[in-house]
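**Student:** what follows is a protein structure lacking sequence information:
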Ligand SMILES: Cc1cc2nc3c(=O)[nH]c(=O)nc-3n(C[C@H](O)[C@H](O)[C@H](O)COP(=O)(O)OP(=O)(O)OC[C@H]3O[C@@H](n4cnc5c(N)ncnc54)[C@H](O)[C@@H]3O)c2cc1C
């Protein structure tokens, strides 16, 4: 038995940290974990989970409107923001309890405290004003919204953290950003009846997604009434005498809103963590630099999840935690696999995607075939909803391998999860073709696109 207090000390009780602590404790290791805010971390407390609950809430007006075409008369609906916030709070408190209990149940010790490094084997538990020692240390402190201090009036702005708990639903909101968090919140607030403007400095929102999806979504969002200004930035935010905000944009517009939300990327939580005392190297963005096994430059200190600024998604943090446990405690060197990760944007309509976009595939492969379908899904027909669904497969002509699958439309995220198996397994287009369609579904389109819509050879579109 080592002379340290613990075999493993985990700093940060979010998706990655809790998984590492729980599984290591389950192996009989002496494990402790410290969380300075709430167990569950970003995902459970102010990320994926509350966000998805708010997405559901924001979809009801469209469901009510669509019901008429199916014969329903829906009385005028009213929405109560405090009820949604309170119910969300109940659910995340439940999950928070499960996360904490999971570690304790496996035999780990839980500290409700900020923790910092004193040296490579010593951790300070701030709430208890004492230090403990550990053989291995895992840093899983996540990230936080970029505060964008250069923006005059930034102190009047909110971030995704605050957006979940606003005392009242704003009448009008400006959201700055073009990534998935900005886009999702724009759809949430718009769906809840808020006059919403999205302001993004880039040419197109969601620039990392396939062009058909991001353009299709942009168009639909505008049709629904969300104002989108691209190649535009907020230059200043001022508090008005009536308590509302003036947002001055680089395109000359002035918006009058109740809230201005900044979703301009996230920064790793590495400040004042004692990293320099332990000799841990950080990168340009403040992220912890790790090798392929999530090990830092200090032999016994590891880092996983958002703090390493690799892929900022919950399942990735969890996967990195599992690989760490294999490597550090099961004598089974295991590298996290970051290749071909299915993701979604929970907008309205939704995006689900896995693998290479058309542009990425063009840059890497000599000739690709694109199979593309745009159609009105059956559920929209009687509803009278003029919204198209887009499905797209990107195929390497030389090997027939499906390189990417992209969907815009209802349940796209659910479909992308399953398509992820096929793309990860490197299945060929022929495997899709010989899969029987499931009728009537929207997804059957994915296995019935027999002829390429077009081909691209050396970056040039063939007729
Ligand atoms: C609005 C929003 C929506 C998102 N939606 C999705 C989604 O739909 N799907 C998805 O996969 N991902 C989503 N994410 C990303 C996802 O939440 C993160 O990738 C994931 O939570 C990362 O896990 P982590 O363990 O690295 O860090 P976190 O979950 O952030 O956990 C880090 C924890 O460390 C604690 N901490 C920090 N410093 C210390 C310290 N010194 N001592 C003690 N504790 C400390 C923090 O309080 C925090 O609880 C979303 C994120 C946001 C912000």
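**Tutor:** Cool, the structure landed. Everything quoted here is computed from the prediction, not taken from an experiment. Numbers count the residues shown, from 1 in each chain.
**Student:** which bits of the protein sit near the ligand?
**Tutor:** 11-17, 34-37, 41-43, 47-48, 51, 114-116, 140-142, 160, 181, 269, 273, 305-307, 312-315, 317 (CB under 6 Å from any ligand atom). Bear in mind the C-beta positions are built from the backbone N, C-alpha and C, glycine included.
**Student:** closest residue of the stretch 351-463 of the chain to the ligand?
**Tutor:** residue 413 (8.6 Å; CB to the nearest ligand atom).
**Student:** can I assume that residue sits in a strand?
**Tutor:** No - read with DSSP: H, G, I helix; E, B strand; the rest coil, residue 413 is helix and lies in no strand.
**Student:** what is the burial count for it?
**Tutor:** 18 (other CB atoms under 10 Å).
**Student:** who's in contact with it?
**Tutor:** 344, 346, 350, 351, 352 (CB atoms under 8 Å, 6 or more residues apart in numbering).
**Student:** can you do 6 Å?
**Tutor:** 344, 350, 352 (CB atoms under 6 Å, 6 or more residues apart in numbering).
**Student:** make TSV from the residues you listed and add secondary structure and neighbour count to it.
**Tutor:** Formatted as TSV, those follow (DSSP: H, G, I helix; E, B strand; the rest coil; neighbours: other CB atoms under 10 Å):
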residue	secondary structure	neighbour count
344	strand	21
350	coil	25
352	strand	26
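**Student:** pull the residues that contact stretch 391-409.
**Tutor:** 210, 212-213, 216-217, 349, 351-356, 358, 361, 365, 367-369, 371-373, 377, 389-390, 415, 419, 423, 426-430, 445-446.
**Student:** so in this structure, which helix runs the longest?
**Tutor:** helix 81-105 (DSSP state H).
**Student:** quick check: mean pLDDT of it?
**Tutor:** Taken as a whole, helix 81-105 carries a mean pLDDT of 98.
**Student:** thinking again about what came up before, give me the subset of the residues of the chain next to the ligand lying in strands.
**Tutor:** Of the positions in the residues of the chain next to the ligand, 11, 34, 35, 115, 116 sit in strands, assigned by DSSP state E.
**Student:** residue 333: neighbour count?
**Tutor:** Considering only other CB under 10 Å, residue 333 is surrounded by 11 other residues.
**Student:** circling back: determine which two of the ones in strands among the residues of the chain next to the ligand are furthest apart.
**Tutor:** Across those, the longest distance by CB to CB is 13.3 Å; it joins 35 and 116.
**Student:** what comes up buried for the helix or strand containing residue 218?
**Tutor:** Per DSSP states H and E, residue 218 falls inside helix 211-224. By neighbour count with 16 or more other CB atoms under 10 Å, helix 211-224 contains the buried residues 212, 213, 214, 215, 216, 217, 218, 220, 221.
**Student:** try stretch 447-462
**Tutor:** 447, 449, 452, 456.
**Student:** and the second one, what pLDDT?
**Tutor:** As summarised for this prediction, residue 449 has a pLDDT of 97.
**Student:** now do the contacts for it.
**Tutor:** 371, 373 are the contacts of residue 449 under CB under 6 Å, 6+ apart.
**Student:** same thing but at 10 Å, please
**Tutor:** Each residue near residue 449 by CB atoms under 10 Å, 6 or more residues apart in numbering is listed here: 370, 371, 372, 373, 391, 392, 393, 395, 429, 432, 433.
**Student:** does the third one touch residue 452 like I think?
**Tutor:** This means residue 372. Yes - proximity of residue 372 to residue 452 meets the contact threshold set by CB atoms under 10 Å, at 8.6 Å.
**Student:** show me how far the worst-scoring helix or strand of the chain on mean pLDDT is from its chain's centre.
**Tutor:** Here the helix or strand of the chain ranked lowest by mean pLDDT, DSSP states H and E is strand 460-461, holding a mean of 90. Distance, stretch centre to chain centre, for strand 460-461: 33 Å (CA atoms, centre = their mean, to the nearest Å).
**Student:** quick one: contacts of that strand?
**Tutor:** 362, 367, 370, 454, 455.
**Student:** shouldn't residue 277 be within a helix?
**Tutor:** Yes - counting by three-state DSSP, one finds residue 277 located in a helix.
**Student:** and the residue of the stretch 201-350 of the chain found nearest the ligand, how many residues sit next to it?
**Tutor:** Residue nearest to the ligand within the stretch 201-350 of the chain (CB to the nearest ligand atom): residue 305, separated by 2.0 Å. Number of residues near residue 305 (other CB under 10 Å) recorded here: 36.
**Student:** my guess is residue 206 contacts residue 217, does it?
**Tutor:** Yes - with contact defined as CB under 10 Å, residue 206 reaches residue 217; the gap is 7.0 Å.
**Student:** need the overlap of contacts for those two.
**Tutor:** With CB under 10 Å, 6+ apart, residue 206 and residue 217 have common neighbours 183, 345, 347, 351.
**Student:** just put those residues in a markdown table and tack on pLDDT.
**Tutor:** Compiled in a markdown table, these are given as follows (pLDDT from 0 to 100):
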| residue | pLDDT |
| --- | --- |
| 183 | 98 |
| 345 | 98 |
| 347 | 98 |
| 351 | 98 |
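**Student:** redo those as a markdown table? Include secondary structure and neighbour count.
**Tutor:** Listed next are these as a markdown table, based on three-state DSSP; neighbours: other CB under 10 Å:
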| residue | secondary structure | neighbour count |
| --- | --- | --- |
| 183 | helix | 28 |
| 345 | strand | 24 |
| 347 | coil | 26 |
| 351 | strand | 27 |
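**Student:** please identify which pair of these lies farthest apart.
**Tutor:** 183 and 351 (8.7 Å).
**Student:** need the overlap of contacts for those two.
**Tutor:** Between them, residue 183 and residue 351 share the contacting residues 206, 209, 214, 217, 345, judged by CB under 10 Å, 6+ apart.
**Student:** which among these gets closest to residue 164?
**Tutor:** residue 345 (18.1 Å).
**Student:** hmm, back to that, of residue 35 and residue 116, which one has the most company?
**Tutor:** Taking other CB under 10 Å, residue 35 and residue 116 do not tie; residue 35 has more neighbours (28 against 21).
**Student:** ok, that one - contacts?
**Tutor:** 10-14, 17-18, 21, 41, 96, 99-100, 103, 110-115, 140-141.
**Student:** so where is the stretch 351-463 of the chain shaky, pLDDT-wise?
**Tutor:** Along the stretch 351-463 of the chain, the model assigns pLDDT under 70 to residues 463.
**Student:** again, only using 90
**Tutor:** Scanning the stretch 351-463 of the chain for pLDDT under 90 picks out the ranges 459, 461-463.
**Student:** all strands for the stretch 151-300 of the chain, in order.
**Tutor:** 172-176, 195-199, 227-229, 234-239, 245-249, 254-257, 259-262, 266-268 (DSSP state E, counting those that start in this stretch).
**Student:** the residue in the stretch 151-300 of the chain that the ligand sits nearest to - how many residues pack around it?
**Tutor:** Closest residue of the stretch 151-300 of the chain to the ligand, CB to the nearest ligand atom: residue 160 (3.9 Å). When neighbours are defined as other CB under 10 Å, residue 160 has 23 of them.
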